[in-house]
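**Q** I would like the atomic coordinates for the input below:
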Amino acid sequence: MSRTAGARDAARRCVTVPALLALIPLALALLLVTLVLAPLSPLAGRHGRAWQPQRLALYAFVYLVADLAGVCAALVVRLRCLGGGPARRERLVALNYRLLARLLGFLVGCSQRIFALRLDVDPAIPPPGARPPHGMVVFARHAGPGDSILLVHGLLCGAGLRPQVVLKEFLRWDPCMDMVLSCLPHCFVPRRPDGRTSDEIGALAAGLRPGEALVVFPEGGNFTERRRRRSIGWLVRTGQLRRAARARRQHHVLPPRMAGPLAALTGARDAGAAVVFVAHTGLDRIDSASRLLRSIPLRDPVRATWWSVPRAAIPPERQARETWLTDQWSRVDAWIAAEWRRGA
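**A** Numbering: from 1, shown residues only. So this is what the prediction gives:
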């Protein structure tokens, strides 16, 4: 890490950690207010629906407290691993993965209790003893609140893989995520990605070892219908008419951004890593605050599926890879459409 980057990190944390400390009592006050006002709700007594604001306020408070606990634990881990050398570096990584697993397990458990979250994965996630003897690149759909937490939790705690996540740079403003992920292989994507971002993603994929998984969200953001229309418009304006036509036929996903995923595919081929696609539905219709409030508690489980693609099936040429990736994304869209019809 450069001296300039270290100074930026220190300056940012001087803002985010005090802000976290200030938000916790505010969240507690909000929770107490919603509990006091609950009997006055016009929905009181209707199948527990009056407890929607209370559930949200409780989860916000729990999340902030867990975030603060994670910051403290990450600081302790750093102090325990002071000094140089590969052995201390590996110990720092291992302890941070252990910390991340505990934090994600706690948050997922709270979501199950507070929001009645249920997860149905078919085929089931292979246990750690059945994982393949190589790394993998995971391309996942991004839609709905908390879907990335469920995915990383499933990889880390379910499959026993060490995830390396490509995520938006603004998430650095979560102090716990900032401190934990900064000690792990990762890539924070700036608002306007450049060639260096693709190089970083490709390097992560090329360096994958057995038991590691690079997580990429090709859409670049959460799916909403507004973003879908905007993405199609951008493809038309930039002359990518064939991709725009394909995107119009895909109603449940955004057209994949090519630079990062193609870099990951190149690195995966060099490293001999497998490629896995993940599709899910159940959280995707929660695309606004009002829909989030109305959807609590969750009536239906979050359903997910995945499939692996052998390395030999990945085309070597760039243009062919773009077409192949779009075809796989059409498969994601078709699976979601079938799940929507089944649940209608």
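**Q** alpha carbons only for contacts and neighbour counts from here, please
**A** Noted.
**Q** and the gap between A213 and I24?
**A** To I24, A213 is 33 Å away according to C-alpha to C-alpha, to the nearest Å.
**Q** Was I right to think L156 contacts R102?
**A** No: counting by C-alpha atoms under 8 Å, L156 does not reach R102; the two are 10.0 Å apart.
**Q** just for the stretch 201-344 of the chain, where's the confidence low?
**A** Applying pLDDT under 70 to the stretch 201-344 of the chain flags residues 343-344.
**Q** could you pull out the strands for it?
**A** If DSSP state E, counting those that start in this stretch is used as the criterion, the strands of the stretch 201-344 of the chain fall at 212-216, 274-281, 302-309.
**Q** would you turn these into a markdown table with mean neighbour count and distance to L181?
**A** Converted to a markdown table, those look like this (neighbours: other C-alpha atoms under 10 Å; distance: least, C-alpha to C-alpha, whole Å):
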| stretch | mean neighbour count | distance to L181 |
| --- | --- | --- |
| strand 212-216 | 25 | 13 |
| strand 274-281 | 21 | 22 |
| strand 302-309 | 16 | 25 |
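**Q** ok, back up a step: who's more crowded, L156 and R102?
**A** L156 (23 against 15; other C-alpha atoms under 10 Å).
**Q** which residues sit in contact with the more buried one?
**A** A101, R162, P163 (C-alpha atoms under 8 Å, 6 or more residues apart in numbering).
**Q** give me that answer again for 10 Å
**A** 97-98, 100-101, 104-105, 128, 150, 162-163, 211-213 (C-alpha atoms under 10 Å, 6 or more residues apart in numbering).
**Q** Buried residues of stretch 253-261, list them for me.
**A** Buried positions in stretch 253-261, judged by neighbour count with 16 or more other C-alpha atoms under 10 Å: V253, L254, P255, P256, M258, A259, G260, P261.
**Q** so how far is it from its chain's centroid?
**A** Put simply, stretch 253-261 sits 15 Å off its chain's centre (C-alpha atoms, centre = their mean, to the nearest Å).
**Q** And for stretch 63-82?
**A** The answer for stretch 63-82 is 21 Å, by C-alpha atoms, centre = their mean.
**Q** contacts for it?
**A** 17, 20-21, 23-25, 27-28, 57, 59-62, 87-93, 95-96, 99-100, 102-104, 106-107, 110, 174-181, 183.
**Q** Would you map the helices across this structure?
**A** 3-37, 52-80, 86-115, 147-153, 175-181, 195-206, 225-237, 241-248, 259-271, 289-295, 318-343 (DSSP state H).
**Q** could you redo these as a markdown table and give each row distance to V278?
**A** Converted to a markdown table, these look like this (distance: least, C-alpha to C-alpha, whole Å):
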| stretch | distance to V278 |
| --- | --- |
| helix 3-37 | 32 |
| helix 52-80 | 26 |
| helix 86-115 | 19 |
| helix 147-153 | 9 |
| helix 175-181 | 22 |
| helix 195-206 | 17 |
| helix 225-237 | 19 |
| helix 241-248 | 19 |
| helix 259-271 | 14 |
| helix 289-295 | 23 |
| helix 318-343 | 8 |
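**Q** Could you point out which of those sits nearest P310?
**A** P310 lies closest to helix 259-271 among these, at 10.2 Å (C-alpha to C-alpha).
**Q** That closest one packs against which elements?
**A** strand 136-140, helix 195-206, strand 212-216, strand 274-281, helix 318-343 (3 or more C-alpha pairs under 10 Å, 6 or more residues apart in numbering; DSSP states H and E).
**Q** can you put the ones you listed in TSV and add distance to D120?
**A** Compiled in TSV, the helices and strands packed on helix 259-271 are given as follows (distance: least, C-alpha to C-alpha, whole Å):
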stretch	distance to D120
strand 136-140	16
helix 195-206	28
strand 212-216	20
strand 274-281	10
helix 318-343	12
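**Q** what's the closest of these to T4?
**A** Minimum separation from T4 across the helices and strands packed on helix 259-271 (C-alpha to C-alpha) falls at helix 195-206, 17.4 Å.
**Q** Spatially central residue in this structure, please.
**A** The residue lying closest to the centre of the chain (C-alpha atoms, centre = their mean) is S148, at 2.3 Å.
**Q** Is that residue in contact with P163, as I believe?
**A** No: judged on C-alpha atoms under 10 Å, S148 makes no contact with P163 at a distance of 11.4 Å.
**Q** Quick one: neighbours of L35, just the number.
**A** A count of neighbours around L35, defined by other C-alpha under 10 Å, yields 17.
**Q** Kindly provide the distance from it to Q54.
**A** For L35, the distance to Q54 - C-alpha to C-alpha - is 6 Å.
**Q** ok so, going back, please identify which of the helices and strands packed on helix 259-271 is closest to R118.
**A** strand 274-281 (11.9 Å).
**Q** Strand partners (parallel or antiparallel) of the closest one?
**A** The pairing partners recorded for strand 274-281 under DSSP bridges are strand 136-140 (parallel), strand 302-309 (antiparallel).
**Q** Identify, from the buried residues of stretch 253-261, the entry nearest to R341.
**A** V253 (15.9 Å).
**Q** and I201, what does it touch?
**A** By C-alpha under 10 Å, 6+ apart, the neighbours of I201 are 164-166, 186-189, 214-216, 259-267.
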